[in-house]
Every structure is written in structure tokens, then in C-alpha cells.
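>>> can you look at this prediction? I've put the sequence above it.
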Amino acid sequence: MEKKERIKKDSYSRDVLKKFSQHKLAMLGMTIIAVEVLLVILLPMVMELDPYTSDVLNFSAAPGPGHILGTDDTGRDLFARLVYGGRVSLMVGLLSAIISLMIGVPLGLVAGYYKGIWETVIMRLADIFMSFPSMILILVLVSVFDPSVWTIIFVIGILGWTDFAKLIYGNVLSVREKEYVESARAVGTKDLPILIKYVIPNAFAPILINFTFRTAQAIIQESSLSFLGMGVQPPEASWGNILYAAQSITVLSTRPWMWVPAGILLVLTVSSINFIGDGMRDALDSRTKIRKK
Amino acid sequence: MEQSQALIDVQGLKKNYITAKTFTGKPLKTVHAVDNVNLRIYKGETLGVVGESGCGKSTLGRTILRLVEPTEGKIIYNGTDITGFHKEEMRQMRKKMQLIFQDPYASLNPRMTVLELIKAPLDAFESGNNEAKTEKVKEIMELVGMPEKMMNRYPHEFSGGQRQRIVIARSLVLDPEFVVCDEPVSALDVSVRAQVLNLLQKLKHKKELTYLFISHDLSVVKYVSDRIAVMYLGRVVEIADKKELYNNPCHPYTKALLSAIPIPDVDCAMKRVVLEGDVPSPINPPTGCHFHTRCKYATERCKTECPALKNINGTHQVACHLFD
């Protein structure tokens, strides 16, 4: 009996999970990301990888027995750099998306729920942020604060708040007019519990979806920055600064091992994350039905 | 009925909505949703409010509870003027005045269980520890006829009638004195209407409640009310005891309204008063008596002068120049 009640209670989340697990591309994306995360965490523990020391005998060496993916122009092992770079790239993506979410969601909530002056100030601020070409702004900020992994995380994260704020603002505007919110007010519930129990749960689904897309975007932004030489600085590795080598035409045309793997990984990661986002969107949308087997 | 103390005294209540502004922010179009309403609701009675859609019934109910801020006028609750109450003072008042919503499909948060929903008012006022609260929820659930074991379910698992029982339980769990029922049965199937109405009646006696019962359904209002107020375009045009109103309707609009009640008898010849035209827009209501555009007794005076509510027969009040 007790157990049955439990199951009933979770029926909404169960439906969502079921729909998500039936989304093939999303499951593929999940698998790829899970494997990547595992490899990036575990490989440096079990293998002896050294992404920093130059092998003076092998500059720009093609893949071979000593270096399975070859070495870069200063003789560093590219496989090791890919693994360590993956750590940085994934971390930058995830953490900066979390920062964006943590800034954007509360601001959007306040703007949408209280309206009035809050709405004007916060949403116009978002407009101002959005009217800047963000890449140039990031470039400037990174060069002011010196490029390190953490500056990049913070700069990308802080500049990404507008998406979240706009999204949740729009949702809150519609949710706050719902009768169940009015009913909460009518029974004397205070503003904060109303926000937490009534508004957020009913306005949050798109935020979750946007979070995945934002993560993918942040990974791309970090890579673009590193590609331009303003991102993660060597000797520290990131997929973006591995690609930096591809700025030279010789490397591009004659040494594909130096940039192809990083490029493939980037594309794979970003599209996997986007697939997960798509899957979440379909799963959280109550109009899509669970397919019967 | 015995004229006991007025629990709610509404004086000159107005609610305007500005729907369009000029460039400088001056109101261009104003909807007079509630237009100078004076009402008294006595302790222990059910005051029915009828009128067609858009006449301001619901706005009136919500303005009395100050869920919608009044533009003008006073609301006096049990001798205290609550119009100027601050947010927190007003929140404390919510213990005593509650609202039962029209649409049980929209007024329950889909992400909360029945227990959480009914407990919400108790949580808002921190009345007792969690067990005491749960105990209270169980009590009220039994009272509204919901089995206790449904406590952990979500609203979407229930039918309209059951949902409305949840809504009622939530409104009554704080033991309020005054409840605005905003068309509590109009979203329900005819078959469950009677059940919910009887439940409301039963609870009223048990908990000594005072109701403001808003409805557009004359038969429903007739069934539950002691007194009835008829509204037209934001104004109250007639108030009387139920019997008096149904037997002796005075205002031409009330007459037309009552003649529209269908009689379940094919042989009965209906003498219907058919009104011409549509309800005028509340944005630009007619001058004078709002009803003069559709009233067959309208005179020149009706077009310019707004009739006030006057006593004509004991407690029977009507706002019409015919009864001067």
C-alpha cells in the first residue's frame, strides 16, 4: 500500500523520465557525454598521461607507438592533452552555465513576479547586455582580467545570464496570473513560498532545457576564445587551444592529427548536449505522449 | 430574516481598469468593472449575487477580499475599515475571509499533492506543528467528503467535483468567517452540482459561515441564498430577500432575468420579457441608468440621472426611477 502511494506520488516525474528514455537521440547524447565524462575523469588516474612535458625528439610527430595521437609542435602528447583539455572544456561549459543560471533565474523571477520598477531595471539591463556583441566583450574582459580557466568561466557565465532571465521572466509572467497563484495569495501565503512552491515548479521546465543549450554554447565560446589565443593559455590544455594549432596552413593541410580529434570531440560533445536538450524538451512537454511498446 | 450585525459593509466601492493610455499616461479607456456598489452582508446569511457575464460579479467578490485593489470606496469588516490595511495586515485578515474559486481545474497547483494543497493555508500562518496540521487536513477532508487516503495524490487524478471539494477544503481549513464563493459550481457537471451545493450548505451550518455567493445561474442562487443582489454593468440594481425578489421583482432588468429561467414543463406558456440589443460595453457605459438603452420603460430622466438604491418594501431595495 505504502509503496503504491509512493509510485502515484511521483507519476509526473516518472512520465517525464519515461518519455526521456524513449527519445533515442537524447539517449545517444547521454551515453556519449557519460562516456566522455568518465574517460576524462578516470583516464588520468589509471594511465600515466603527461600533457605538459615536451618530447624533444618528437616535435609534430604523426601518431605512432609512443604517442597514439601524435604530438603537437612543441612535442607534447596530444592524447594526454585531449583528455586534460576535455576536463577543462566540459568544466567551463558546465560551470559557466550554472553561473548564468544562478544569476539569471533569480533576476528573471523578481522581474516577472514583482513587475514595476524591478521589471524595468532588470529587463532593460538584460537588453543592454544582449545588445553588445558578446564575443568582443568577452575578449576585452578576458584580456583585462588575464586569461585563466576561472576568468573564462566567470566571464562567460556572467555574460550568459540574459537568456535565463528572459526565459523565466516570460514564464513567470504567465504563471503569476494563473488562478492557483491567486488562490495561494487568497489563503495568505507569503511571497517567498509562493515563488518557491507555486511559481518556480511551474516555470522551470524551459530553464532546464536552456541549461543544456547554454552548456553547449559555453563550450563553443571557450573554444572560440582559445582558438583566438585569448582563452585557456598553454601549457594548460583545452580543446579550443589544441585547435589553435590549426591556424597554420601547414598544420591544416599536412598534420591532421593535430586538430582533427579535438574538432571531432567538440562537435560530438556539443551535438550530444543539444540532443539531450531536445530530449528534455520533448519529455517535459505534457502534450507529447508516451509511446506504448 | 433577523437583521443581525453587518459582517461586511461595502460603501461606494469602485474598481476601474485602465485598458488604454495616452502617450502621456493619461487613462484613455477605463472599464468600470464595479461602479459604486453599496452592500451589506449580515452575519450568517448567504447573499447571492447574480448578473450576466462581465457585469462585475467576480470583480466585486475579489475587491471585497482585496485580492483586487479597489479604486474607491470602503470595505468595512466587522466594524473595521480594511481598505487601508497594509500587505501584512491584510494577510492576517485572510484567516477570516476566504475565496472559493470558480474553476477547480485552474485553481489547484498541479505540482502539489492534496495534502500540500489543503495544508498551504495552515503553513502560511504557522498554526501548530506538522502533525497537528496534517490532523487538521484529515479532519477537513472528511468533512468535505474526501477519503483520507487520497491525501498523497495530485489534482489531475481527480474529477471536477472532487477537485472542487479540495478547493472548498482549502478555503475552510483556517475556519474563516466569511467566504466568497465565486461561481463554485458553474465549471462542474450538472450531476455533481447539487452535491457540491449541498456540501456548501452543510458546511455553512456546521461552521457558521457567511457566504457571498456569486453565480449567473438563477436556479443555483435561488437554492442557496437568503438575499439576492442583481448586478448590471457594475452596479447593483436590486437587492431583496429571496422570496420577495422572485415573487415581486421590481427592476425591469430583474424581471427580464427571472423570465429567462427555463421551466421544465412543455405545456407551460412562458411569458418571456425579451430584451433587445446587447449589453453595452463597460468601457463606455450609457449615461444615467445603465439599463436605459434596453429598458422599455425608459424615460428622458433615465438617460441623464443615475438612480440610487432606494428601499421600497422593507428591505427590498431597487435602483430605478419607476419607483420614486
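Cool, the structure landed.
>>> strands of the stretch 201-324 of chain B, residue ranges please.
For the stretch 201-324 of chain B, the strands defined by DSSP state E, counting those that start in this stretch cover B:210-214, B:227-232, B:235-241, B:310-313, B:316-318.
>>> make CSV out of these and add distance to chain A, mean neighbour count and mean pLDDT.
C-beta: built from backbone N, CA, C; applies to glycine. Listed next are these as CSV, based on distance: least, CB to the nearest CB, whole Å; neighbours: other CB atoms under 10 Å in any protein chain shown; pLDDT from 0 to 100:
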stretch, distance to chain A, mean neighbour count, mean pLDDT
strand B:210-214, 14, 26, 91
strand B:227-232, 21, 25, 90
strand B:235-241, 23, 25, 90
strand B:310-313, 34, 14, 82
strand B:316-318, 29, 22, 88
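>>> next one: phi and psi at residue B:147?
phi -60, psi 140 (degrees, to the nearest 10).
>>> show the contacting residues for it.
Applying CB atoms under 8 Å, 6 or more residues apart in numbering or on different chains to residue B:147 gives the contacts residue B:141.
>>> which stretches of the chain aren't confidently modelled?
Unless you meant another one, I'm taking chain A. Chain A contains residues with pLDDT under 70 at A:1-12, A:56, A:60-61, A:286-293.
>>> wait, I meant chain B there
Residue ranges of chain B with pLDDT under 70: B:1-4, B:127, B:269-270.
>>> could you point out the longest helix in it?
When chain B is parsed with DSSP state H, its longest helix is helix B:190-207.
>>> centroid residue for the chain?
As the question left the chain open, I've gone with chain A. Geometric centre of chain A, nearest residue: residue A:215, 1.1 Å, by CA atoms, centre = their mean.
>>> sorry, I should have been clearer: chain B.
Residue closest to the mean C-alpha point of chain B, counted by CA atoms, centre = their mean, is residue B:214 at 3.0 Å.
>>> residues near residue B:58, how many?
Neighbour count of residue B:58, defined by other CB atoms under 10 Å in any protein chain shown: 22.
>>> cool, residue B:264 as well?
5.
>>> distance check, it against residue B:67.
Separation of residue B:264 from residue B:67 (CB to CB, to the nearest Å): 37 Å.
>>> helices along chain B, start to end?
Under DSSP H, chain B gives helices at B:57-64, B:87-93, B:114-124, B:130-143, B:160-172, B:190-207, B:218-224, B:242-247, B:252-259, B:300-304.
>>> chain A is nearest to which of these?
helix B:114-124 (3.9 Å; CB to the nearest CB).
>>> next, the angle from that closest one to helix B:130-143.
In terms of direction (axes from the mean of the first three to the mean of the last three CA atoms, to 10 degrees), helix B:114-124 departs from helix B:130-143 by 120 degrees.
>>> helices or strands next to helix B:114-124 in the packing?
Other elements packing on helix B:114-124 under the criterion 3 or more CB pairs under 8 Å, 6 or more residues apart in numbering or on different chains; DSSP states H and E are helix B:130-143, helix B:160-172.
>>> how distant is the last one from the center of its chain?
This points to helix B:160-172. Centroid displacement of helix B:160-172 relative to its chain, using CA atoms, centre = their mean, to the nearest Å, is 17 Å.
>>> what's next to that helix, contact-wise?
A:183, A:186-187, B:98-101, B:104-105, B:107-108, B:114, B:117-118, B:120-121, B:137, B:140-141, B:143-146, B:150, B:155, B:158, B:179, B:184-185, B:187-189, B:192, B:195-196, B:199-200, B:203, B:207, B:209.
>>> could you write me a ChimeraX select line covering just the buried ones among the residues you listed?
The buried subset of the contacts of helix B:160-172, as determined by 16 or more other CB atoms under 10 Å in any protein chain shown, is captured in ChimeraX by this line:
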select /A:183,186,187 /B:98,99,100,101,104,105,107,108,114,117,118,120,121,137,140,141,143,144,146,150,155,158,179,184,185,187,188,192,195,196,199,200,203,209
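>>> ok, back up a step: dump the helices of chain B to CSV, plus distance to residue B:231.
Output for these, formatted as CSV (distance: least, CB to CB, whole Å):
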stretch, distance to residue B:231
helix B:57-64, 6
helix B:87-93, 24
helix B:114-124, 29
helix B:130-143, 32
helix B:160-172, 23
helix B:190-207, 21
helix B:218-224, 12
helix B:242-247, 13
helix B:252-259, 9
helix B:300-304, 18
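>>> and residue B:27, how many residues sit next to it?
Using other CB under 10 Å, residue B:27 has 12 neighbouring residues.
>>> list the contacts of the residue nearest to it when sequence neighbours are not counted.
Distances taken as CB to CB, 6 or more residues apart in numbering or on different chains place residue B:18 nearest to residue B:27, at 4.3 Å, with adjacent residues excluded. Listed by CB under 8 Å, 6+ apart, the contact set of residue B:18 reads B:27, B:28, B:29, B:30, B:31.
>>> in a helix, residue A:281, correct?
Yes. According to DSSP: H, G, I helix; E, B strand; the rest coil, residue A:281 belongs to a helix.
>>> residue contacts, it?
Applying CB under 8 Å, 6+ apart, the residues near residue A:281 are residue A:209.
>>> now with 10 Å?
Contacts for residue A:281 were tallied using CB atoms under 10 Å, 6 or more residues apart in numbering or on different chains; they are A:20, A:23, A:26, A:205, A:206, A:208, A:209, A:210, A:212, A:213, A:288.
>>> next: residue B:249.
By CB under 10 Å, 6+ apart, the contact list for residue B:249 reads B:228, B:230, B:238, B:240, B:255, B:256, B:257, B:258, B:259, B:273, B:316, B:318.
>>> now it: phi and psi?
Dihedral angles (degrees, to the nearest 10) for residue B:249: phi -70, psi 130.
>>> kindly report the same for residue B:22.
Torsion angles, degrees, to the nearest 10, at residue B:22: phi -80, psi 180.
>>> can you tell me how far it is from residue B:71?
The gap separating residue B:22 from residue B:71 is 19 Å, by CB to CB.
>>> neighbour count winner among these two?
Each of residue B:22 and residue B:71 has its neighbours counted (other CB under 10 Å); residue B:71 has more, 17 against 9.
>>> please report how far the more buried one lies from chain A.
18 Å (CB to the nearest CB, to the nearest Å).
>>> need the contact list for that residue.
B:13, B:14, B:15, B:16, B:17, B:18, B:30, B:32, B:33, B:34, B:35, B:63.
>>> isn't the fourth one up against residue B:285?
No. Distance between residue B:16 and residue B:285: 11.4 Å, which falls outside the contact criterion (CB atoms under 10 Å).
>>> now list whatever residues contact both of the two.
In contact with both residue B:16 and residue B:285: B:31, B:32, B:35, B:234, using CB under 10 Å, 6+ apart.
>>> determine which two of those are furthest apart.
B:31 and B:35 (9.9 Å; CB to CB).
>>> any residues in contact with both of those two?
In contact with both residue B:31 and residue B:35: B:15, B:16, B:56, B:234, B:282, B:285, using CB under 10 Å, 6+ apart.
>>> would you list these in TSV and tack on neighbour count and distance to chain A?
Formatted as TSV, the shared contacts of residue B:31 and residue B:35 follow (neighbours: other CB atoms under 10 Å in any protein chain shown; distance: CB to the nearest CB, whole Å):
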residue	neighbour count	distance to chain A
B:15	22	16
B:16	17	19
B:56	24	17
B:234	26	21
B:282	20	20
B:285	18	26
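>>> just give the nearest non-adjacent residue to residue A:252, would you?
Residue A:252 sits nearest to residue A:246 (CB to CB, 6+ apart), 5.2 Å away.
>>> one more: residue B:17?
Leaving aside its sequence neighbours, residue B:17 sits nearest to residue B:31 (CB to CB, 6+ apart; 4.3 Å).
>>> ditto for residue B:142
According to CB to CB, 6+ apart, the nearest residue to residue B:142 is residue B:148 (6.7 Å).
>>> go through stretch A:102-115 and flag the buried ones.
Quick answer for stretch A:102-115 (16+ other CB under 10 Å): A:103, A:104, A:105, A:106, A:107, A:108, A:109, A:110, A:111, A:112, A:113.
>>> and what of stretch B:173-181?
By neighbour count with 16+ other CB under 10 Å, stretch B:173-181 contains the buried residues B:173, B:174, B:176, B:177, B:178, B:179, B:180, B:181.
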